[in-house]
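Undergrad: sharing a model prediction with you, sequence too.
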Amino acid sequence: MNDILNSPKLDKNFYVRNVVKVAKDLLGKTFVRRIKGKTLAATIVEVEAYDADDEASHSFNGRSQRNNVMFEEGGLLYVYFIYGVHFCCNVVTGKADHGSAVLIRAIEPLNHFDFLAKNRFGTTKITEKGKINLTNGPAKLCQALQIMRADNGADLLGDKIYILDAPKLKKNQIIQTTRIGITKSKELPWRFYIKNNPFVSKR
DNA sequence: ATCAAGATTACCT
DNA sequence: GGTAATCTTGATA
């Protein structure tokens, strides 16, 4: 655990690359959220890439008030509100004005389970199944980590939300497939997840 | 001005 | 498996 938290932050160069490569490389890295004096840590286990010339991407029709952060240089957090109910968070990638990001779809918590459970269910008493349910979806993990509108545009090189390096996964531990919940560009194989990880949202 | 769709989730049958 | 929840955006009038 201490080894994990003592790893270096991913740097600017990591984020300013092709979005599909960044997506794949984010698997296994440690997502950190500092809030209320706590340092919440979780392993990234499922992601999706959204690129500029990708019909399913929020950036496809150009810059707008909502997707503005996606067009910044890589290394920021893009948070959006969806279905009038949920927040989802993305890691902005690529050069300035490009418009690409990686949706974080699922994480595996490493600490502070009571705090996450309180945020999700209003109680610290949870079953084994409830534990899986803490962060096995893009809106669930935002609720658990208290990521919301105010966090849109957060600097991932700052000290509130950031990602730590971790050993690169082997090729055979990564599954590549099509994305979930979209109607356009469904055929692009831009979803990645860690094989056999119980926190992955859907097989 | 009105309307439909949306990178989801929880709860129902 | 179906659908309500309920805000924001972009299209059409």
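TA: Okay, I see it. Residues are numbered from 1 along each chain as shown, chains lettered A, B, ... in the order given.

Undergrad: tell me the contacts of residue A:192?
TA: A:23-24, A:27, A:46-49, A:174-177 (C-beta atoms under 8 Å, 6 or more residues apart in numbering). From N, CA and C alone the C-beta is placed, and that goes for glycine too.

Undergrad: no wait, residue A:89
TA: A:77-79, A:103-104, A:138, A:141-142, A:147, A:151.

Undergrad: list the buried residues in the strand or helix carrying it.
TA: Using DSSP states H and E, residue A:89 falls within strand A:86-93. Using 16 or more other C-beta atoms under 10 Å as the test for burial, strand A:86-93 gives A:87-93.

Undergrad: skipping its backbone neighbours, what lies nearest the residue nearest to the spatial centre of chain A in space?
TA: Note on chain A: the residue nearest the mean C-alpha position is residue A:104, at 2.3 Å, using C-alpha atoms, centre = their mean. Nearest non-adjacent residue to residue A:104, counting by C-beta to C-beta, 6 or more residues apart in numbering: residue A:89, 5.6 Å away.

Undergrad: same check on residue A:97?
TA: Per C-beta to C-beta, 6+ apart, closest to residue A:97 is residue A:71, 5.5 Å.

Undergrad: how far away is that neighbour from residue A:173?
TA: 33 Å (C-beta to C-beta, to the nearest Å).

Undergrad: got it, and residue A:165?
TA: Going from residue A:165 to residue A:173 by C-beta to C-beta gives 17 Å.

Undergrad: how about residue A:99?
TA: Taking C-beta to C-beta, one finds residue A:99 at 30 Å from residue A:173.

Undergrad: just residue A:152 next, same as before
TA: With distances taken as C-beta to C-beta, residue A:152 is found 32 Å from residue A:173.

Undergrad: next one: phi and psi at residue A:22?
TA: phi -60, psi -40 (degrees, to the nearest 10).

Undergrad: confirm for me that it is in contact with residue A:14.
TA: Yes: at 7.0 Å, residue A:22 counts as touching residue A:14 under the criterion of C-beta atoms under 8 Å.

Undergrad: which strand or helix spans residue A:202?
TA: Counting by DSSP H and E, residue A:202 is part of no helix or strand.

Undergrad: neighbours of residue A:12, how many?
TA: 12 (other C-beta atoms under 10 Å).

Undergrad: likewise for residue A:79?
TA: 20.

Undergrad: look up phi and psi at the residue nearest to it when sequence neighbours are not counted.
TA: In space, and not counting its chain neighbours, residue A:79 is closest to residue A:152: 4.1 Å by C-beta to C-beta, 6+ apart. Residue A:152 adopts backbone torsions of phi -60, psi 130, taken as degrees, to the nearest 10.
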